[in-house]
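[1] just need the structure, nothing else, for what follows:
(one chain, ligands or ions: 1)
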Amino acid sequence: MNPSRIAERVRRIKPSPSTSAADRANELRRQGKSIVNLVVGEPDFNTPEHIRRAAAAAMDAGATRYTLMAGTVELRQAIAAKLERENGLTYALSEIIATNGAKSAIYSALAATLQSGDEVIIPAPYWVSYPDMVLANDGVPVTVPCPEANGFKITPAQLAAAITPRTRWLLLNSPSNPTGASYTVAEYRALAEVLAAHPQVLVMTDDIYEHIRFDGERTPHLLNAAPELRDRTLAINGVSKTYAMTGWRIGWAAGPRDLILALDTLLSQSAGNCCSISQAAAAAALNGDQGFVAESVIVYKQRRDATLARINAIPGLSCRSPDGAFYLYINCAGLIGKTTPEGKVLVQDGDVVMYLLEKEGVAVVAGTAYGLSPYFRLSIATSIEILEEGCTRIARAVAALR
Ligand code: PLP
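    A predicted model of the protein is given here:
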């Protein structure tokens, strides 16, 4: 690569670490090694049939052309109805924009609002893409370590200490990737009390794992606890995780009209509208039978319970039970300082992850990628048999340490 012809804004970011881990696992598999891949961040189910059928019907009916930039009226009506029905939030169609996945909504919102040097508060552990998205848009990621003892959540005192006159956004993700931690109404209320004194701070809520909950609770929204923040909150969500539709690329942002208009303008000159056929499928997902959601959550919960028990029985590892999403964020402090049979000392979580991969072929992602160490993330979006095999191999690898 000739670095001088690549823009500085691209040179300051890195490819997704979960993609790199998956690449290494695939390379070892090609070399003939048996690999248990616990890296994936997407449902292992197929998209439900009624949604696939709606896409086919849309194609046959000629929904194969450009749509309105913000998304079809049908899709935005379905999103507005969903926000009303499931979240008790009322949005006009002009306050909603459909995007190419939630990822594009978050990226575009940052691109549309950040001036060079603006700060974005990101509680850590965080989804790997947040800091790089901020950097790519000339912003400054301000990561706030949120230890396990605080449930991996930002406290009001930490938020107050992190806010400066340059703060543009607070980014919240509940339930969280990678920890599964979710905020309660009371916790949101306490954060809102801090925000009251800083009207320049916008809030982005990444609600993509809203429906993947194990405790039977509904995921509260920040705006349920603090309706006064509506004019400075951008609510991000999508169909990827809830309906096993990661490949269809439909997400959205709902928020104040000026922000939505800015997104519309930016996207109209870059990506354009999102796929017309996927939009029809997403509308069918939101308007149709919701049985799949409940059924898949039961399966995720069985996997979480089984895997959590296995991991917590391994000396040196421990894991807090996630409220939602489909990951375990496993504390491996007990392995740091131990020596592998090959004589290598495990100094940080990256060493633990590399050891598990090379020794037993188990692929997971190091906590360094998520901004809080020493941990590793294990995805439960795979079959119970694969999870059992993964746990057996992890236990064997750990037992071989001295
Ligand atoms: N937000 C979080 C926290 C995620 O984990 C992911 C996907 O891994 C996304 C957003 C992206 O979702 P989408 O597929 O809709 O772009």
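
[2] need the CA coordinates for the longest helix anywhere in the chain. PDB is fine.
    Looking across the chain with DSSP state H, the single longest helix is helix 291-312. Extracted C-alpha coordinates of helix 291-312, given in PDB (Å, rounded to 0.1, in the frame of the first residue of the first chain):
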ATOM      1  CA  GLY A 291     -43.300 -15.000  17.300                       C
ATOM      2  CA  PHE A 292     -39.800 -15.500  16.000                       C
ATOM      3  CA  VAL A 293     -38.400 -12.900  18.400                       C
ATOM      4  CA  ALA A 294     -39.700 -14.600  21.500                       C
ATOM      5  CA  GLU A 295     -38.700 -18.100  20.200                       C
ATOM      6  CA  SER A 296     -35.100 -17.000  19.400                       C
ATOM      7  CA  VAL A 297     -34.700 -15.300  22.800                       C
ATOM      8  CA  ILE A 298     -35.600 -18.600  24.500                       C
ATOM      9  CA  VAL A 299     -32.900 -20.300  22.600                       C
ATOM     10  CA  TYR A 300     -30.300 -17.600  23.300                       C
ATOM     11  CA  LYS A 301     -31.200 -17.800  27.000                       C
ATOM     12  CA  GLN A 302     -30.700 -21.600  27.100                       C
ATOM     13  CA  ARG A 303     -27.300 -21.100  25.500                       C
ATOM     14  CA  ARG A 304     -26.400 -18.300  27.900                       C
ATOM     15  CA  ASP A 305     -27.300 -20.300  31.000                       C
ATOM     16  CA  ALA A 306     -25.400 -23.400  29.800                       C
ATOM     17  CA  THR A 307     -22.300 -21.500  28.700                       C
ATOM     18  CA  LEU A 308     -22.200 -19.200  31.800                       C
ATOM     19  CA  ALA A 309     -22.300 -22.300  34.100                       C
ATOM     20  CA  ARG A 310     -19.500 -24.000  32.200                       C
ATOM     21  CA  ILE A 311     -17.300 -20.900  32.100                       C
ATOM     22  CA  ASN A 312     -17.800 -20.000  35.800                       C
END
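
[3] which elements pack onto the next helix or strand after it?
    Downstream of helix 291-312, the first helix or strand assigned by DSSP states H and E is strand 318-319. Strand 318-319 is packed against helix 291-312, strand 327-331, with contacts defined by 3 or more Cβ pairs under 8 Å, 6 or more residues apart in numbering; DSSP states H and E. C-beta here means a position set from N, CA and C on the backbone, and glycine is covered the same way.

[4] need the contact partners of the first one.
    The contact list for helix 291-312, computed with Cβ atoms under 8 Å, 6 or more residues apart in numbering, reads 43, 45, 48, 211-214, 242-244, 317-319, 321-322, 326, 328, 330, 378, 380-382, 384, 387-388, 390-391, 394-395.

[5] so of those residues, which ones are in strands?
    Among the contacts of helix 291-312, DSSP state E puts 318, 319, 328, 330, 378 in strands.

[6] let me know the outermost residue of the protein.
    Relative to the centre of the chain, the most outlying C-alpha is that of residue 343, 36.5 Å out, by Cα atoms, centre = their mean.

[7] secondary structure element for that one?
    Assigned by DSSP H and E, residue 343 falls outside every helix and strand.

[8] next, the buried residues of stretch 161-174.
    Neighbour-count burial for stretch 161-174, counted by 16 or more other Cβ atoms under 10 Å, picks out 162, 163, 167, 168, 169, 170, 171, 172, 173, 174.

[9] quickly check: that stretch near the ligand or not.
    Yes - for a cut-off given as Cβ under 6 Å from any ligand atom, stretch 161-174 has contacts with the ligand, namely residue 173.

[10] can you list the residues of the stretch 101-250 of the chain near the ligand?
    101, 102, 103, 127, 173, 177, 206, 208, 238, 240, 246.

[11] go again with 5 Å.
    101, 102, 103, 127, 173, 177, 206, 208, 238, 240 (Cβ under 5 Å from any ligand atom).

[12] widest-spaced pair of those residues?
    The distance between the two most remote of those (Cβ to Cβ) is 14.9 Å, for 101 and 173.

[13] about what we covered before: and the buried residues of stretch 161-174, which of them are in strands?
    Counting by DSSP E, the buried residues of stretch 161-174 contribute 167, 168, 169, 170, 171, 172, 173 to strands.

[14] redo these as TSV? Include distance to residue 351.
    Converted to TSV, these look like this (distance: Cβ to Cβ, whole Å):
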residue	distance to residue 351
167	35
168	36
169	34
170	33
171	29
172	31
173	27
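
[15] coming back round to it: which one of the residues of the stretch 101-250 of the chain next to the ligand is nearest to residue 133?
    Using Cβ to Cβ, these come closest to residue 133 at residue 103, 8.3 Å.

[16] which other helices and strands does the host helix or strand of the closest one contact?
    Using DSSP H and E, residue 103 maps to helix 101-113. Packed against helix 101-113 by the contact rule (3+ Cβ pairs under 8 Å, 6+ apart) you find strand 96-99, helix 129-136, strand 167-173, strand 202-206, strand 233-238, strand 251-254, helix 257-268.

[17] what does the longest one contact?
    Residues outside helix 257-268 that contact it (Cβ under 8 Å, 6+ apart) are 69-70, 94-97, 99, 104-105, 108-109, 111-113, 202, 234, 253-254, 273.

[18] next: the third one.
    Residues external to strand 167-173 that are found in contact with it (Cβ under 8 Å, 6+ apart): 110, 113-115, 118-123, 126-127, 130, 139, 142, 154, 159, 183, 191, 195, 198, 200-206, 208-209, 222.

[19] pretty sure residue 226 is touching residue 186, no?
    No - with contact defined as Cβ atoms under 8 Å, residue 226 does not reach residue 186; the gap is 11.2 Å.
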